[in-house]
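**Q** okay, structure incoming, though there's no sequence with it:
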């Protein structure tokens, strides 16, 4: 009987060890939904960079090597890391510990299942296979790119004139309506990409949770000063 217990105990221990050693299986569809949290800073459109570099083709790419992105930290460029399942998981767990001195601003993800799902999605997206999942904003591509084609916005988003009076901006839109902003609440930006606005037709986009902030986006920096008229 004692030998029987010993055998059963050994089988149970072996099973537990095997189960523990099994790698987590990533769910790319769930990872696609989780990626919505990343889409504010990273697109999946090739060479369309945002705050961070495009993640299109990230699988198998050397860290800091995307030629169209100019804002890599020296630490990342010198890391000699190649992005795969192991390195992406380690990076997502704690970017600062994995590559000290990099400029990534998020702290990391403690939950290994969340990381595994994200890595599965990035593998599929990075190799051209897109999981069939939709986000709450109405479509996979919108979630993945985090972008809007500013050449196609309606008259309520096209800017006709900008007037500055003391500490207030008065923005006249193509639909004839005027939006008024306290000076610090209006940002001026540029987007020279294929999705940017036409030259001479800036777009105004809402920003902030209270509806009191906005960004006016121009095709080129030289447009900005010319567009603003100081008049009270």
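**A** On my side now, so go ahead. Remember, it's a predicted structure, so these values are computed and weren't measured experimentally.

**Q** wait, residue 25 touches residue 117, no?
**A** No: under the criterion of C-beta atoms under 8 Å, residue 25 makes no contact with residue 117, lying 9.3 Å away. No exception for glycine: its C-beta is placed from N, CA and C like everyone else's.

**Q** what about these two, which has more around it?
**A** More neighbours surround residue 117 than the other of residue 25 and residue 117, with 23 against 9 (other C-beta atoms under 10 Å).

**Q** which SS class is that one?
**A** helix (DSSP: H, G, I helix; E, B strand; the rest coil).

**Q** show me what contacts it?
**A** Residue 117 sits next to 26, 27, 28, 30, 31, 34 when contact means C-beta atoms under 8 Å, 6 or more residues apart in numbering.

**Q** now these in CSV, with pLDDT?
**A** Below are those laid out as CSV (pLDDT from 0 to 100):
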residue, pLDDT
26, 87
27, 93
28, 93
30, 94
31, 93
34, 93
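
**Q** these in helices, which ones?
**A** If you go by DSSP state H, those have 28, 30, 31, 34 in helices.

**Q** tell me how far the second one lies from residue 43.
**A** The reference is to residue 30. 20 Å (C-beta to C-beta, to the nearest Å).

**Q** so between these two, which is more surrounded?
**A** Just comparing residue 30 and residue 43: by other C-beta under 10 Å the higher neighbour count belongs to residue 43, 22 against 18.

**Q** phi and psi next, for that one.
**A** Per-residue torsions, residue 43: phi -100, psi 170 (degrees, to the nearest 10).

**Q** separation between it and residue 155?
**A** Applying C-beta to C-beta, the value for residue 43 to residue 155 is 26 Å.

**Q** rewinding a little: pull the most distant pair out of the ones in helices among the contacts of residue 117.
**A** 28 and 34 (10.3 Å; C-beta to C-beta).

**Q** tell me which of the two has more neighbours.
**A** residue 28 (21 against 16).

**Q** verify the stated contact: the more buried one with residue 124.
**A** Yes: counting by C-beta under 8 Å, residue 28 does reach residue 124; the two are 4.7 Å apart.

**Q** hmm, who's touching stretch 182-192?
**A** Against stretch 182-192 from outside (C-beta under 8 Å, 6+ apart): 150, 164, 167-169, 171, 196-197, 207-208, 212-221, 224.
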